[in-house]
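Asker: Kindly return the folded structure for what I paste below:
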Amino acid sequence: MSDISQSQTNISVGLHDLERGLLSSLTTLPCCVFFCINVIMLFTLRSKSVFRETCRYILLYNLILADTLQMAVSQILYMMSICRITLPYPVCGILVMFANLTNEISPLTLVLMSLERYVAVCYPLRHATIITIRNTEVAIIMIWIFCSLNILIRVLLLLEFPFEELQSLQMKDFCSTFFMFLTPVSHEYDKAYTCFLFVSAFVGVTCSYIGVMLAARLASTDKASARKARNTLLLHLVQLGFSLSSTVNNALLLVISKTVSRRVLVVVQNVFYVFLIILPRCLSALIYGLRDQTIRPILVYNLCCQLKLTVVTGNAKDAEATVKSFIKIHLKLPEDTVKNIAFDRVHRLGGVRSPAGRPRPIVAKFGQFKQKEQVKSRGRELKGTDFSVNDQFPKEILERRKVLFPVRRNFIQRGSRAVISVDRLYVDGQLYRDPGTTPWLY
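Answerer: Next up is the predicted model:
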(Lines give C-alpha, C1' and ligand atoms only; values in the text may rest on other atoms or scores of the structure.)
Protein backbone atom coordinates (compact mmCIF):
# COMPACT_ATOMS: atom_id res chain seq x y z
CA MET A 1 0.00 0.00 0.00
CA SER A 2 1.34 3.37 -0.98
CA ASP A 3 0.85 4.98 2.40
CA ILE A 4 2.97 2.81 4.63
CA SER A 5 6.47 3.80 3.73
CA GLN A 6 5.87 7.33 2.49
CA SER A 7 6.59 9.22 5.67
CA GLN A 8 9.99 7.57 5.85
CA THR A 9 11.11 9.29 2.68
CA ASN A 10 11.72 12.68 1.09
CA ILE A 11 13.64 14.00 4.11
CA SER A 12 14.72 17.51 3.27
CA VAL A 13 18.25 17.64 1.94
CA GLY A 14 18.51 21.21 3.14
CA LEU A 15 18.37 20.29 6.82
CA HIS A 16 21.60 20.58 8.76
CA ASP A 17 23.07 17.45 10.32
CA LEU A 18 22.13 18.61 13.83
CA GLU A 19 18.50 19.20 12.91
CA ARG A 20 18.30 15.92 11.07
CA GLY A 21 19.86 14.08 14.01
CA LEU A 22 17.46 15.71 16.47
CA LEU A 23 14.43 14.86 14.37
CA SER A 24 15.52 11.27 13.87
CA SER A 25 16.20 10.87 17.61
CA LEU A 26 12.80 12.26 18.60
CA THR A 27 11.17 9.94 16.09
CA THR A 28 13.23 6.82 16.69
CA LEU A 29 12.96 6.86 20.49
CA PRO A 30 9.16 6.35 20.69
CA CYS A 31 9.40 3.82 17.87
CA CYS A 32 11.91 1.79 19.87
CA VAL A 33 9.68 1.98 22.95
CA PHE A 34 6.63 0.84 20.98
CA PHE A 35 8.63 -1.94 19.37
CA CYS A 36 9.83 -3.23 22.77
CA ILE A 37 6.26 -3.21 24.12
CA ASN A 38 5.08 -5.26 21.14
CA VAL A 39 7.92 -7.76 21.52
CA ILE A 40 7.17 -8.19 25.23
CA MET A 41 3.49 -8.66 24.41
CA LEU A 42 4.39 -11.36 21.88
CA PHE A 43 6.52 -13.08 24.51
CA THR A 44 3.66 -12.84 27.01
CA LEU A 45 1.22 -14.46 24.58
CA ARG A 46 3.58 -17.42 24.18
CA SER A 47 4.60 -17.74 27.83
CA LYS A 48 1.42 -19.42 29.14
CA SER A 49 -0.52 -22.38 27.82
CA VAL A 50 -3.81 -20.54 28.40
CA PHE A 51 -2.77 -18.06 25.70
CA ARG A 52 -1.44 -20.70 23.32
CA GLU A 53 -4.63 -22.77 23.60
CA THR A 54 -7.24 -19.99 23.38
CA CYS A 55 -8.36 -18.97 19.90
CA ARG A 56 -8.83 -15.25 20.54
CA TYR A 57 -5.32 -15.00 21.98
CA ILE A 58 -3.93 -16.84 18.95
CA LEU A 59 -5.61 -14.27 16.70
CA LEU A 60 -4.28 -11.45 18.89
CA TYR A 61 -0.77 -12.89 18.56
CA ASN A 62 -1.08 -12.90 14.77
CA LEU A 63 -2.31 -9.29 14.80
CA ILE A 64 0.53 -8.03 16.99
CA LEU A 65 3.11 -10.09 15.06
CA ALA A 66 2.06 -8.43 11.78
CA ASP A 67 2.07 -4.98 13.41
CA THR A 68 5.53 -5.56 14.90
CA LEU A 69 7.02 -6.69 11.59
CA GLN A 70 5.42 -3.71 9.85
CA MET A 71 6.84 -1.38 12.48
CA ALA A 72 10.33 -2.84 12.04
CA VAL A 73 10.32 -2.50 8.25
CA SER A 74 8.93 1.05 8.41
CA GLN A 75 11.66 2.07 10.84
CA ILE A 76 14.36 0.53 8.63
CA LEU A 77 13.12 2.51 5.62
CA TYR A 78 12.88 5.66 7.73
CA MET A 79 16.45 5.35 9.02
CA MET A 80 17.76 4.75 5.48
CA SER A 81 16.03 7.92 4.29
CA ILE A 82 17.50 9.86 7.24
CA CYS A 83 20.97 8.57 6.41
CA ARG A 84 20.38 9.29 2.70
CA ILE A 85 20.92 5.68 1.70
CA THR A 86 19.58 4.63 -1.69
CA LEU A 87 18.98 1.02 -2.65
CA PRO A 88 18.86 -1.02 -5.83
CA TYR A 89 15.35 -1.58 -7.18
CA PRO A 90 15.29 -5.34 -6.31
CA VAL A 91 16.27 -4.75 -2.65
CA CYS A 92 13.79 -1.91 -2.28
CA GLY A 93 11.11 -4.03 -3.91
CA ILE A 94 11.61 -6.83 -1.37
CA LEU A 95 11.34 -4.43 1.58
CA VAL A 96 8.30 -2.66 0.17
CA MET A 97 6.48 -5.88 -0.68
CA PHE A 98 7.12 -7.26 2.81
CA ALA A 99 5.82 -3.99 4.30
CA ASN A 100 2.68 -4.28 2.17
CA LEU A 101 2.20 -7.92 3.18
CA THR A 102 2.32 -7.25 6.92
CA ASN A 103 0.15 -4.16 6.56
CA GLU A 104 -2.65 -6.15 4.91
CA ILE A 105 -2.67 -8.82 7.64
CA SER A 106 -3.97 -6.47 10.36
CA PRO A 107 -7.45 -5.53 8.98
CA LEU A 108 -8.19 -9.12 7.95
CA THR A 109 -7.19 -10.41 11.39
CA LEU A 110 -9.48 -7.82 12.98
CA VAL A 111 -12.34 -9.29 10.92
CA LEU A 112 -11.57 -12.77 12.25
CA MET A 113 -11.44 -11.48 15.83
CA SER A 114 -14.81 -9.76 15.35
CA LEU A 115 -16.39 -12.92 13.96
CA GLU A 116 -15.03 -14.90 16.91
CA ARG A 117 -16.74 -12.52 19.36
CA TYR A 118 -19.94 -12.67 17.30
CA VAL A 119 -20.04 -16.48 17.50
CA ALA A 120 -19.24 -16.39 21.24
CA VAL A 121 -22.27 -14.17 21.96
CA CYS A 122 -24.81 -15.30 19.35
CA TYR A 123 -23.97 -19.03 19.32
CA PRO A 124 -22.46 -19.76 22.76
CA LEU A 125 -23.35 -23.46 22.68
CA ARG A 126 -21.65 -23.96 19.31
CA HIS A 127 -18.70 -21.66 19.95
CA ALA A 128 -16.42 -24.48 21.15
CA THR A 129 -17.12 -26.56 18.01
CA ILE A 130 -16.91 -23.69 15.50
CA ILE A 131 -14.00 -21.69 16.96
CA THR A 132 -11.38 -24.40 17.44
CA ILE A 133 -7.61 -24.06 17.46
CA ARG A 134 -7.39 -25.96 14.18
CA ASN A 135 -9.98 -23.74 12.46
CA THR A 136 -8.26 -20.63 13.81
CA GLU A 137 -4.86 -21.72 12.51
CA VAL A 138 -6.37 -22.57 9.10
CA ALA A 139 -8.02 -19.13 8.94
CA ILE A 140 -4.72 -17.40 9.77
CA ILE A 141 -2.89 -19.41 7.11
CA MET A 142 -5.55 -18.48 4.57
CA ILE A 143 -5.09 -14.78 5.40
CA TRP A 144 -1.34 -14.99 4.82
CA ILE A 145 -1.86 -16.90 1.56
CA PHE A 146 -4.44 -14.37 0.32
CA CYS A 147 -2.15 -11.43 1.10
CA SER A 148 0.81 -13.22 -0.46
CA LEU A 149 -1.16 -13.67 -3.70
CA ASN A 150 -1.76 -9.93 -3.75
CA ILE A 151 1.99 -9.36 -3.38
CA LEU A 152 2.59 -11.76 -6.27
CA ILE A 153 0.25 -9.72 -8.45
CA ARG A 154 2.13 -6.53 -7.53
CA VAL A 155 5.44 -8.16 -8.50
CA LEU A 156 4.03 -9.24 -11.87
CA LEU A 157 2.85 -5.67 -12.50
CA LEU A 158 6.34 -4.38 -11.69
CA LEU A 159 7.89 -6.73 -14.23
CA GLU A 160 6.10 -4.79 -16.99
CA PHE A 161 8.48 -1.87 -16.38
CA PRO A 162 11.40 -1.84 -18.87
CA PHE A 163 14.27 -2.17 -16.37
CA GLU A 164 16.67 -3.02 -19.21
CA GLU A 165 16.42 0.56 -20.46
CA LEU A 166 17.79 1.95 -17.18
CA GLN A 167 21.47 2.79 -17.02
CA SER A 168 21.65 1.38 -13.50
CA LEU A 169 19.34 -0.50 -11.13
CA GLN A 170 20.40 1.87 -8.34
CA MET A 171 17.48 4.08 -7.28
CA LYS A 172 17.95 7.85 -7.46
CA ASP A 173 15.38 8.45 -4.69
CA PHE A 174 14.92 6.92 -1.26
CA CYS A 175 13.15 3.58 -1.09
CA SER A 176 9.39 3.79 -0.60
CA THR A 177 6.21 2.31 -1.98
CA PHE A 178 5.49 5.50 -3.89
CA PHE A 179 8.66 5.20 -5.96
CA MET A 180 7.94 1.53 -6.62
CA PHE A 181 4.81 2.47 -8.61
CA LEU A 182 6.75 2.28 -11.84
CA THR A 183 3.66 1.91 -14.03
CA PRO A 184 0.22 3.58 -13.92
CA VAL A 185 -1.40 0.16 -13.67
CA SER A 186 0.47 -0.52 -10.38
CA HIS A 187 -0.80 2.73 -8.90
CA GLU A 188 -4.41 2.09 -9.94
CA TYR A 189 -4.27 -1.49 -8.66
CA ASP A 190 -2.95 -0.31 -5.29
CA LYS A 191 -5.80 2.17 -4.86
CA ALA A 192 -8.44 -0.37 -5.89
CA TYR A 193 -7.08 -3.12 -3.65
CA THR A 194 -6.71 -0.80 -0.64
CA CYS A 195 -10.30 0.39 -1.05
CA PHE A 196 -11.57 -3.20 -1.39
CA LEU A 197 -9.61 -4.39 1.65
CA PHE A 198 -10.75 -1.72 4.08
CA VAL A 199 -14.35 -1.61 2.87
CA SER A 200 -14.60 -5.39 3.27
CA ALA A 201 -13.02 -5.24 6.73
CA PHE A 202 -15.33 -2.39 7.77
CA VAL A 203 -18.40 -4.29 6.59
CA GLY A 204 -17.29 -7.45 8.41
CA VAL A 205 -16.63 -5.73 11.74
CA THR A 206 -19.80 -3.59 11.49
CA CYS A 207 -22.02 -6.60 10.72
CA SER A 208 -20.56 -8.45 13.70
CA TYR A 209 -21.26 -5.42 15.90
CA ILE A 210 -24.88 -5.20 14.69
CA GLY A 211 -25.33 -8.94 15.27
CA VAL A 212 -24.10 -8.64 18.85
CA MET A 213 -26.35 -5.62 19.45
CA LEU A 214 -29.38 -7.56 18.26
CA ALA A 215 -28.41 -10.60 20.33
CA ALA A 216 -28.06 -8.41 23.42
CA ARG A 217 -31.77 -7.62 23.24
CA LEU A 218 -32.70 -11.29 23.61
CA ALA A 219 -33.56 -12.44 27.13
CA SER A 220 -31.55 -15.66 26.77
CA THR A 221 -28.30 -13.84 26.01
CA ASP A 222 -25.73 -13.19 28.71
CA LYS A 223 -25.95 -9.41 29.08
CA ALA A 224 -22.47 -9.04 30.57
CA SER A 225 -20.85 -11.07 27.77
CA ALA A 226 -22.81 -9.18 25.12
CA ARG A 227 -21.72 -5.84 26.60
CA LYS A 228 -18.07 -6.88 26.69
CA ALA A 229 -18.27 -8.20 23.12
CA ARG A 230 -19.90 -4.96 21.97
CA ASN A 231 -17.09 -2.91 23.53
CA THR A 232 -14.50 -5.22 21.96
CA LEU A 233 -16.03 -4.78 18.51
CA LEU A 234 -16.07 -1.01 18.96
CA LEU A 235 -12.39 -1.30 19.77
CA HIS A 236 -11.87 -3.27 16.55
CA LEU A 237 -13.57 -0.48 14.60
CA VAL A 238 -11.23 2.06 16.20
CA GLN A 239 -8.22 -0.11 15.32
CA LEU A 240 -9.47 -0.41 11.76
CA GLY A 241 -9.82 3.37 11.65
CA PHE A 242 -6.21 3.80 12.77
CA SER A 243 -5.05 1.36 10.10
CA LEU A 244 -7.02 3.34 7.55
CA SER A 245 -5.51 6.60 8.80
CA SER A 246 -2.12 5.54 7.46
CA THR A 247 -3.59 5.42 3.96
CA VAL A 248 -4.46 9.14 4.07
CA ASN A 249 -0.97 10.09 5.20
CA ASN A 250 0.21 10.96 1.68
CA ALA A 251 -2.91 12.94 0.84
CA LEU A 252 -2.56 15.02 4.01
CA LEU A 253 1.11 15.72 3.34
CA LEU A 254 0.29 16.76 -0.22
CA VAL A 255 -2.28 19.30 0.99
CA ILE A 256 -0.01 20.64 3.75
CA SER A 257 2.97 20.97 1.38
CA LYS A 258 1.08 23.66 -0.56
CA THR A 259 0.70 25.93 2.49
CA VAL A 260 3.90 25.54 4.56
CA SER A 261 7.62 25.75 3.97
CA ARG A 262 9.70 22.64 3.30
CA ARG A 263 11.36 22.82 6.70
CA VAL A 264 7.97 22.80 8.45
CA LEU A 265 6.81 20.03 6.12
CA VAL A 266 9.66 17.78 7.25
CA VAL A 267 8.64 18.25 10.90
CA VAL A 268 4.99 17.53 10.07
CA GLN A 269 6.11 14.50 8.09
CA ASN A 270 7.92 13.07 11.11
CA VAL A 271 4.96 13.75 13.41
CA PHE A 272 2.61 11.97 11.01
CA TYR A 273 5.03 9.06 10.79
CA VAL A 274 4.92 8.54 14.57
CA PHE A 275 1.20 9.12 15.14
CA LEU A 276 -0.35 7.74 11.93
CA ILE A 277 1.97 4.85 11.12
CA ILE A 278 3.95 3.73 14.17
CA LEU A 279 1.60 4.45 17.11
CA PRO A 280 -1.39 2.50 15.67
CA ARG A 281 0.90 -0.54 15.43
CA CYS A 282 1.41 -0.45 19.19
CA LEU A 283 -2.18 0.24 20.25
CA SER A 284 -3.25 -3.41 20.01
CA ALA A 285 -0.61 -4.49 22.51
CA LEU A 286 -1.32 -1.58 24.88
CA ILE A 287 -5.13 -1.76 24.77
CA TYR A 288 -5.44 -5.53 25.02
CA GLY A 289 -2.61 -5.79 27.51
CA LEU A 290 -4.24 -3.34 29.92
CA ARG A 291 -7.86 -4.26 29.20
CA ASP A 292 -7.69 -8.06 29.39
CA GLN A 293 -7.64 -9.21 33.02
CA THR A 294 -5.80 -12.41 32.12
CA ILE A 295 -3.02 -10.72 30.14
CA ARG A 296 -2.59 -7.61 32.31
CA PRO A 297 -0.78 -9.04 35.37
CA ILE A 298 1.57 -11.16 33.26
CA LEU A 299 2.28 -8.31 30.83
CA VAL A 300 3.02 -5.88 33.68
CA TYR A 301 5.25 -8.52 35.26
CA ASN A 302 7.19 -8.92 31.99
CA LEU A 303 7.34 -5.16 31.39
CA CYS A 304 8.95 -4.83 34.81
CA CYS A 305 11.62 -7.28 33.64
CA GLN A 306 10.10 -10.00 35.83
CA LEU A 307 11.13 -8.17 39.00
CA LYS A 308 9.38 -9.09 42.23
CA LEU A 309 9.91 -8.32 45.87
CA THR A 310 11.53 -11.15 47.76
CA VAL A 311 8.76 -11.26 50.35
CA VAL A 312 6.05 -11.52 47.72
CA THR A 313 7.91 -14.23 45.82
CA GLY A 314 8.42 -16.26 48.97
CA ASN A 315 4.75 -16.03 49.99
CA ALA A 316 3.63 -17.02 46.50
CA LYS A 317 5.90 -20.08 46.53
CA ASP A 318 4.71 -21.07 50.01
CA ALA A 319 1.08 -20.74 48.94
CA GLU A 320 1.67 -22.79 45.79
CA ALA A 321 3.43 -25.53 47.78
CA THR A 322 0.51 -25.57 50.23
CA VAL A 323 -2.01 -25.94 47.40
CA LYS A 324 -0.10 -28.80 45.77
CA SER A 325 0.25 -30.56 49.11
CA PHE A 326 -3.49 -30.14 49.73
CA ILE A 327 -4.34 -31.56 46.29
CA LYS A 328 -2.11 -34.56 46.88
CA ILE A 329 -3.19 -35.38 50.45
CA HIS A 330 -6.86 -34.35 50.63
CA LEU A 331 -7.99 -34.65 47.01
CA LYS A 332 -5.90 -37.82 46.56
CA LEU A 333 -4.53 -37.07 43.13
CA PRO A 334 -1.39 -38.99 42.04
CA GLU A 335 1.92 -37.32 42.82
CA ASP A 336 2.97 -37.24 39.15
CA THR A 337 -0.26 -35.46 38.23
CA VAL A 338 0.22 -32.90 41.00
CA LYS A 339 3.78 -32.15 39.87
CA ASN A 340 2.56 -31.33 36.35
CA ILE A 341 -0.06 -28.83 37.55
CA ALA A 342 0.94 -25.30 36.50
CA PHE A 343 -0.37 -22.16 38.19
CA ASP A 344 -0.38 -18.66 36.74
CA ARG A 345 -0.47 -17.21 40.28
CA VAL A 346 -1.31 -18.32 43.82
CA HIS A 347 -1.96 -16.03 46.80
CA ARG A 348 -3.83 -15.82 50.08
CA LEU A 349 -6.81 -13.54 50.70
CA GLY A 350 -6.92 -11.01 53.53
CA GLY A 351 -4.17 -9.23 55.44
CA VAL A 352 -1.02 -10.75 56.85
CA ARG A 353 -2.64 -10.94 60.28
CA SER A 354 -5.83 -12.96 60.40
CA PRO A 355 -8.15 -13.67 63.34
CA ALA A 356 -6.84 -16.30 65.74
CA GLY A 357 -7.56 -19.83 64.58
CA ARG A 358 -9.00 -18.69 61.22
CA PRO A 359 -6.82 -19.55 58.20
CA ARG A 360 -6.79 -17.27 55.21
CA PRO A 361 -8.29 -18.76 52.00
CA ILE A 362 -5.94 -19.44 49.10
CA VAL A 363 -6.80 -18.38 45.54
CA ALA A 364 -5.08 -20.30 42.74
CA LYS A 365 -5.30 -19.48 39.03
CA PHE A 366 -4.62 -22.62 36.99
CA GLY A 367 -2.60 -22.41 33.81
CA GLN A 368 -4.75 -25.03 32.09
CA PHE A 369 -8.53 -25.34 32.22
CA LYS A 370 -8.40 -29.16 32.13
CA GLN A 371 -6.24 -29.30 35.24
CA LYS A 372 -8.63 -27.00 37.07
CA GLU A 373 -11.60 -29.20 36.18
CA GLN A 374 -9.65 -32.30 37.25
CA VAL A 375 -9.02 -30.79 40.68
CA LYS A 376 -12.64 -29.63 41.05
CA SER A 377 -13.92 -33.10 40.15
CA ARG A 378 -12.15 -34.48 43.24
CA GLY A 379 -14.12 -32.20 45.53
CA ARG A 380 -16.17 -35.19 46.70
CA GLU A 381 -13.15 -36.31 48.69
CA LEU A 382 -13.70 -33.29 51.00
CA LYS A 383 -17.18 -34.36 52.10
CA GLY A 384 -17.38 -34.30 55.90
CA THR A 385 -14.24 -32.16 56.27
CA ASP A 386 -13.71 -28.48 56.98
CA PHE A 387 -12.22 -27.89 53.52
CA SER A 388 -13.89 -26.90 50.26
CA VAL A 389 -12.87 -26.17 46.67
CA ASN A 390 -14.91 -23.60 44.75
CA ASP A 391 -14.68 -21.20 41.85
CA GLN A 392 -13.88 -17.60 42.72
CA PHE A 393 -16.47 -15.14 41.44
CA PRO A 394 -16.69 -11.32 41.48
CA LYS A 395 -18.68 -9.73 44.28
CA GLU A 396 -21.60 -9.03 41.92
CA ILE A 397 -21.86 -12.70 40.95
CA LEU A 398 -21.59 -13.82 44.58
CA GLU A 399 -24.54 -11.62 45.52
CA ARG A 400 -26.62 -13.17 42.75
CA ARG A 401 -25.69 -16.69 43.84
CA LYS A 402 -26.80 -15.91 47.40
CA VAL A 403 -30.23 -15.08 45.99
CA LEU A 404 -30.38 -18.29 43.96
CA PHE A 405 -29.36 -20.75 46.69
CA PRO A 406 -32.70 -20.61 48.61
CA VAL A 407 -34.63 -20.92 45.36
CA ARG A 408 -32.56 -23.94 44.38
CA ARG A 409 -33.18 -25.53 47.78
CA ASN A 410 -36.96 -25.16 47.35
CA PHE A 411 -36.90 -26.83 43.94
CA ILE A 412 -34.80 -29.71 45.26
CA GLN A 413 -37.27 -30.25 48.11
CA ARG A 414 -40.02 -30.55 45.51
CA GLY A 415 -38.10 -33.29 43.74
CA SER A 416 -36.78 -31.23 40.84
CA ARG A 417 -33.20 -31.25 39.59
CA ALA A 418 -31.77 -27.76 40.18
CA VAL A 419 -28.23 -26.67 39.29
CA ILE A 420 -26.59 -23.26 39.66
CA SER A 421 -24.10 -22.28 36.95
CA VAL A 422 -22.32 -19.00 37.74
CA ASP A 423 -25.33 -16.64 38.20
CA ARG A 424 -27.99 -18.79 36.53
CA LEU A 425 -30.30 -21.45 37.93
CA TYR A 426 -31.34 -24.36 35.74
CA VAL A 427 -34.35 -26.41 36.84
CA ASP A 428 -34.78 -29.73 35.02
CA GLY A 429 -32.58 -28.38 32.25
CA GLN A 430 -34.52 -25.11 31.80
CA LEU A 431 -33.23 -21.65 32.68
CA TYR A 432 -35.09 -20.24 35.70
CA ARG A 433 -36.22 -16.65 35.16
CA ASP A 434 -38.26 -14.48 37.48
CA PRO A 435 -38.41 -10.64 37.37
CA GLY A 436 -38.36 -10.38 41.15
CA THR A 437 -35.62 -12.95 41.79
CA THR A 438 -33.37 -12.74 38.71
CA PRO A 439 -33.67 -9.17 37.37
CA TRP A 440 -30.19 -9.39 35.80
CA LEU A 441 -31.62 -11.73 33.14
CA TYR A 442 -33.93 -8.99 31.84
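Asker: helices or strands next to the helix or strand containing A215 in the packing?
Answerer: According to DSSP states H and E, A215 maps onto helix 184-216. Applying 3 or more CB pairs under 8 Å, 6 or more residues apart in numbering; DSSP states H and E, one finds that helix 184-216 contacts helix 89-122, helix 133-158, helix 223-245. Every residue, glycine included, has its C-beta placed from N, CA and C.
Asker: Let's test this: mean pLDDT of it, rounded?
Answerer: Taken as a whole, helix 184-216 carries a mean pLDDT of 82.
Asker: which parts of it are buried?
Answerer: By neighbour count on 16 or more other CB atoms under 10 Å, the buried set for helix 184-216 is 186, 189-190, 193-194, 197-198, 201-202, 204-205, 208-209, 211-212, 215-216.
Asker: okay, the angle between that helix and helix 223-245?
Answerer: 170 degrees (axes from the mean of the first three to the mean of the last three CA atoms, to 10 degrees).
Asker: Could you check the angle helix 184-216 makes with helix 133-158?
Answerer: 160 degrees.
Asker: so how far is helix 184-216 off the chain centroid?
Answerer: The chain centre lies 20 Å from the centre of helix 184-216; the measure is CA atoms, centre = their mean, to the nearest Å.
Asker: One more: stretch 325-337?
Answerer: 36 Å.
Asker: Excluding sequence neighbours, find me the nearest residue to S257.
Answerer: L265 (5.3 Å; CB to CB, 6 or more residues apart in numbering).
Asker: count of residues packed around that neighbour?
Answerer: 17 (other CB atoms under 10 Å).
Asker: would it count as being in a helix?
Answerer: Yes: under DSSP: H, G, I helix; E, B strand; the rest coil, L265 falls within a helix.
Asker: how much space is there between it and I278?
Answerer: L265 sits 19 Å away from I278, going by CB to CB, to the nearest Å.
Asker: What of L125?
Answerer: Applying CB to CB, the value for L125 to I278 is 42 Å.
Asker: try K332
Answerer: Distance from K332 to I278, by CB to CB: 55 Å.
Asker: Then R408?
Answerer: From R408 over to I278 (counting by CB to CB), the distance is 55 Å.
Asker: Which of the two has more residues huddled nearby?
Answerer: Per other CB under 10 Å, whichever of R408 and I278 has more neighbours is I278, with 25 against 18.
Asker: which SS state does that one fall under?
Answerer: helix.
Asker: just to revisit the earlier point, make JSON lines from the helices and strands packed on helix 184-216 and add mean neighbour count, mean pLDDT and distance to M80 to it.
Answerer: Shown next, in JSON lines, are those (neighbours: other CB atoms under 10 Å; pLDDT from 0 to 100; distance: least, CB to CB, whole Å):
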{"stretch": "helix 89-122", "mean neighbour count": "22", "mean pLDDT": "86", "distance to M80": "9"}
{"stretch": "helix 133-158", "mean neighbour count": "14", "mean pLDDT": "90", "distance to M80": "20"}
{"stretch": "helix 223-245", "mean neighbour count": "18", "mean pLDDT": "74", "distance to M80": "24"}
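Asker: now the ones you listed in JSON lines, with distance to K328?
Answerer: As requested, the helices and strands packed on helix 184-216 are exported to JSON lines (distance: least, CB to CB, whole Å):
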{"stretch": "helix 89-122", "distance to K328": "36"}
{"stretch": "helix 133-158", "distance to K328": "31"}
{"stretch": "helix 223-245", "distance to K328": "36"}
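Asker: Tell me which of these sits nearest to R46.
Answerer: Among the helices and strands packed on helix 184-216, helix 133-158 comes nearest to R46, with 14.3 Å by CB to CB.
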